[in-house]
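[1] sharing a model that was predicted from the sequence below.
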Amino acid sequence: MSLVNRFLKPTKLVVPVSVKGVWKQTRNRSLVEVWIFLLLSLPVSAFVGESASFPRLLSELRMTSKSEQPLSLGIISFDLDDTLFSTNAVIRDANQAMLEKMRRHGVHVQEEDFMDVTRHIRRSMDGPITYTSLRKMTIAQILSMTNVSSKEDCDALVDECFDVWLHERHRAAERHLFPQTLNCLSTLKEMYPDVCFAAITNGRGNPLYMPTLANFFDFCVSGEDDGVFPERKPAPGIYEASLSKYKDLYPHHDHDSRIWIHVGDCLVNDVGASANVGAYAVWLSGQADAVVPKWSTATTSEQNARQLKEEDGREKIAVRISCLSELPAAVLDLVGGAMQPVPLNSLS
């Protein structure tokens, strides 16, 4: 049995586009009215039973209009942390590698103490800062309390410690992939060989530096990239940068007839933010812990603001899945019922 057949099982879908959503996403009001009329004309059996699928239903209705061009998948993008792998486990391993490097240079510090210094630095700053700069500032402050001989030696050791951390972050991500990650990506690649696969992350993880994942992805955009920071999630800038890169890498795609699907675990950073830029947002709800992770440096006000935005994100879920094994079938249904192309023509 092929990977595609093995994964294409019925999946629980929420309605990806409500009547309200159709109204928002469709420029032609009369077309919306036609769809509503056709929906009301259908028998109840079209909406219930194992074979019922709202996205496929919308696809069939769309094809009744000769002027509508069928849409196909152009780009599928993934969040990384707590979507493809466990962030808590990855950061724990990376931190331990970094702290061991510091111990070999006579600097003994516990992980919780390191994080306390990190939070103190973060909360003393008014403006945005990259995670890379924040971590290096923490290392430097801890080293400044030791007997490092000179500033040059200290700066060099800061870079060495950070490089150890980043290297282990990538190795640990491969060790802590969720069980269905590789099979899911393999299946999607088999289903959509000419589709762009992208990673969109606020952090420093990059699947192109992970041999296990590298062959699945065309590119990775980070919130720390030049030209993106400080427009990291949930700001639209990071998503617009990703779509521009897709357009450059896939010029042969008819972008007016392609849709974009984004997959992530965060209602704010992934679901709400990507939907605001035009994506069909798939919420992976079953992977991450509900509590604020201990490695987080977010302030209390930032955490409270995030909670308020979560309700807005819930209203923009196209599909909710509990694990990655459900994703191929969900993508198939979304593509079958898609009405909104990638909004590339509005980008510079």
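    Received the coordinates, thanks.
[2] contacts for stretch 160-178 next, please.
    Around stretch 160-178, the neighbours that count as contacts under Cβ atoms under 8 Å, 6 or more residues apart in numbering are 80, 84-86, 89-91, 93-98, 101-102, 132, 135-136, 139, 204-206, 209-213, 287, 323-324. Every C-beta, even on glycine, is put in place using the N, C-alpha and C of the backbone.
[3] can you do 6 Å?
    Stretch 160-178 is contacted by residues 85-86, 89-90, 93-94, 97-98, 101-102, 136, 139, 204-205, 209-210, 212 when judged by Cβ atoms under 6 Å, 6 or more residues apart in numbering.
[4] now it: average pLDDT?
    Averaged over stretch 160-178, pLDDT sits at 98.
[5] how close does Thr130 get to Ala305?
    As judged by Cβ to Cβ, to the nearest Å, Thr130 and Ala305 stand 20 Å apart.
[6] of these two, who's got more company?
    Counting neighbours by other Cβ atoms under 10 Å for Thr130 and for Ala305 shows that Thr130 has the greater number, 18 against 12.
[7] please name the nearest non-neighbouring residue to that one.
    Excluding the flanking residues, the one nearest Thr130 by Cβ to Cβ, 6 or more residues apart in numbering is Glu224, at 4.7 Å.
[8] just confirm that neighbour is within a strand.
    No. Under DSSP: H, G, I helix; E, B strand; the rest coil, Glu224 falls outside any strand and is assigned coil.
[9] what about it, neighbour count?
    18.
[10] correct me, but it touches Pro128?
    No. Counting by Cβ atoms under 6 Å, Pro128 is not a contact partner of Glu224; they are 10.7 Å apart.
[11] and Ala52, what's its pLDDT?
    So Ala52 comes in at 49 (pLDDT).
[12] ditto for the one 4 residues further on
    Listed pLDDT for Arg56 reads 50.
[13] after the helix or strand where Ile139 lies comes which helix or strand?
    For Ile139, the host element (DSSP states H and E) is helix 131-143. For helix 131-143, the following helix or strand on the C-terminal side (DSSP H and E) is helix 151-175.
[14] show me what the helix or strand harbouring Pro328 is packed against.
    Element membership of Pro328, judged by DSSP H and E, is helix 327-336. The contact analysis (3 or more Cβ pairs under 6 Å, 6 or more residues apart in numbering; DSSP states H and E) places helix 327-336 against helix 54-62, helix 181-191, strand 317-321.
[15] against Asp82, how distant is the closest residue to Asp270 other than its chain neighbours?
    Nearest residue to Asp270, sequence neighbours excluded (Cβ to Cβ, 6+ apart): Gly264, at 2.5 Å. Distance of Gly264 to Asp82, computed by Cβ to Cβ: 9 Å.
[16] in terms of neighbours, single out the busier of these two.
    Gly264 (28 against 20).
[17] in the stretch 201-348 of the chain, which spans are helices?
    Using DSSP state H, counting those that start in this stretch, the helices assigned to the stretch 201-348 of the chain run over residues 211-214, 237-249, 273-276, 300-314, 327-336.
[18] quick one: contacts of the longest one?
    Put plainly, it is helix 300-314. Contacts with helix 300-314, where a contact means Cβ under 6 Å, 6+ apart, come from 267-268, 271-272.
[19] okay, the nearest residue to Pro128 once chain neighbours are set aside: pLDDT?
    Distances taken as Cβ to Cβ, 6+ apart place Pro230 nearest to Pro128, at 4.0 Å, with adjacent residues excluded. For Pro230, the pLDDT comes out at 96.
[20] hmm, Ile129 and Pro230 touching each other?
    No. Pro230 is not in contact with Ile129 according to Cβ under 6 Å; the separation is 8.7 Å.
[21] if I look at Thr181, how far off is Lys309?
    Counting by Cβ to Cβ - Thr181 and Lys309 are separated by 27 Å.
[22] with neighbour numbers in mind, choose between those two.
    Comparing Thr181 with Lys309 by other Cβ under 10 Å, the one with more neighbours is Thr181, at 23 against 17.
[23] so Ala199 sits right up against Leu208, yeah?
    No. Taking contacts as Cβ under 6 Å, Ala199 lies outside contact range of Leu208: 8.1 Å.
[24] which residues are in contact with both of these two?
    Common contact partners of Ala199 and Leu208 (Cβ under 6 Å, 6+ apart): Cys220.
[25] more neighbours, those two?
    With neighbours defined as other Cβ under 10 Å, Ala199 and Leu208 compare such that Ala199 has more, 23 against 15.
[26] poorly predicted segments of the stretch 101-250 of the chain, please.
    Low-confidence segments of the stretch 101-250 of the chain (pLDDT under 70): 148-149.
[27] who does the helix holding Ile139 touch, helix- and strand-wise?
    With contacts taken as 3+ Cβ pairs under 6 Å, 6+ apart, helix 131-143 sits against helix 111-123, helix 151-175.
[28] what about the longest one, distance to the chain center?
    Which is helix 151-175. Between the centre of helix 151-175 and the centre of its chain there are 24 Å (Cα atoms, centre = their mean, to the nearest Å).
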